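S.K.: what's the 3D shape of this:
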Amino acid sequence: MPNHLFAALESEWQTLRRVPAIGPDGSPWPDPALTKFRTLGELIDALRRDKHDHTGNDRILVALARRAPVDDLAARTLLQAVLPGLFNVGKRLGRGHIDDELEAEVLAEAVVRIRTYPIERRPARIAANVTWDVFGRLARRRQQAKNTPVDLVADVVLPTSTGNIDPSIEVCDLVHDAVERGALRARDARLLLAIAVGHDTIAQRARREGIAYAAMNERWRRARKRLQLAVAA
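M.R.: Numbers count the residues shown, from 1 in each chain. Below you'll find the predicted structure:
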């Protein structure tokens with residue numbers, strides 16, 4: 001997994017795999033399917049080793065999914081379990097190439113799905129369902145974006161001008177011009193406008209999308225660089 005967010009999760013897991021399988025209160029997970037594992041690493045290793053044992057694996061994944069809405073460690077462990085499938089989702093959506101933006105989208109959608117998985121309605125094939133749900137949602141979202149006219153400032157509240165010329169208007173003009181010339185993507189434009197002339201921050205946006213601050217900051221930095229290149233041209 002060469003992409004840096006996926007690679008960062010794998011690197012983080014090398015530390016987490018030694019963590020005891022315990023709940024937020026510090027006591028071992030009481031679920032029968034989880035009590036036999038001393039560490040998170042043992043749990044994931046068992047899933048990888050017995051990947052064709054769908055019934056046994058589902059017992060483990062169901063237990064994690066039940067805990068995921070209120071247990072960060074369970075949610076992170078379930079994310080690790082489906083990480084290979086999510087990487088394939090990214091490759092499929094990106095037609096073989098996963099850039100930073102797509103990588104962040106896939107992982108953010110996966111976290112939301114894991115936290116809200118409908119366990120009572122779909123208690124089997126958890127890994128496959130999470131993976132396909134993420135793929136389906138992002139594929140539909142991308143298709144809608146292609147079919148929907150771009151309104152870059154619909155959700156941006158501009159500050160009130162205090163002089164004859166409002167600098168925020170100039171920023172909007174630059175962004176609009178860059179998008180119309182194909183030099184800036186609509187998603188980048190929304191991010192830049194929300195932070196530059198709206199009331200959003202990188203930290204708030206990262207929390208809202210369920211991704212790391214560093215990942216959102218990198219997305220913003222790349223978007224700003226694209227705009228700078230577009231303006232220079």
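
S.K.: In this structure residue 183 contacts residue 228, no?
M.R.: No: Residue 183 is beyond contact range of residue 228, at 10.4 Å (criterion: CB atoms under 8 Å). Glycine gets a C-beta too; all of them are placed from N, C-alpha and C.

S.K.: More neighbours: which of those two?
M.R.: residue 183 (15 against 12; other CB atoms under 10 Å).

S.K.: Kindly confirm my reading that the more buried one is in a helix.
M.R.: No: the assignment for residue 183, made by DSSP: H, G, I helix; E, B strand; the rest coil, is coil rather than a helix.

S.K.: what are the phi and psi angles of it?
M.R.: phi -90, psi -10 (degrees, to the nearest 10).

S.K.: any idea how far the residue lying closest to it once chain neighbours are set aside is from residue 190?
M.R.: Take residue 183 and drop its neighbours on the chain: the residue closest to it by CB to CB, 6 or more residues apart in numbering is residue 230, 3.6 Å away. To residue 190, residue 230 is 15 Å away according to CB to CB, to the nearest Å.

S.K.: Neighbour count for those two, which is higher?
M.R.: residue 190 (22 against 17).

S.K.: packing partners for the strand or helix carrying that one?
M.R.: Residue 190 belongs to helix 186-196 when assigned by DSSP states H and E. When contacts are defined as 3 or more CB pairs under 8 Å, 6 or more residues apart in numbering; DSSP states H and E, helix 186-196 packs onto helix 167-180, helix 202-209, helix 213-232.
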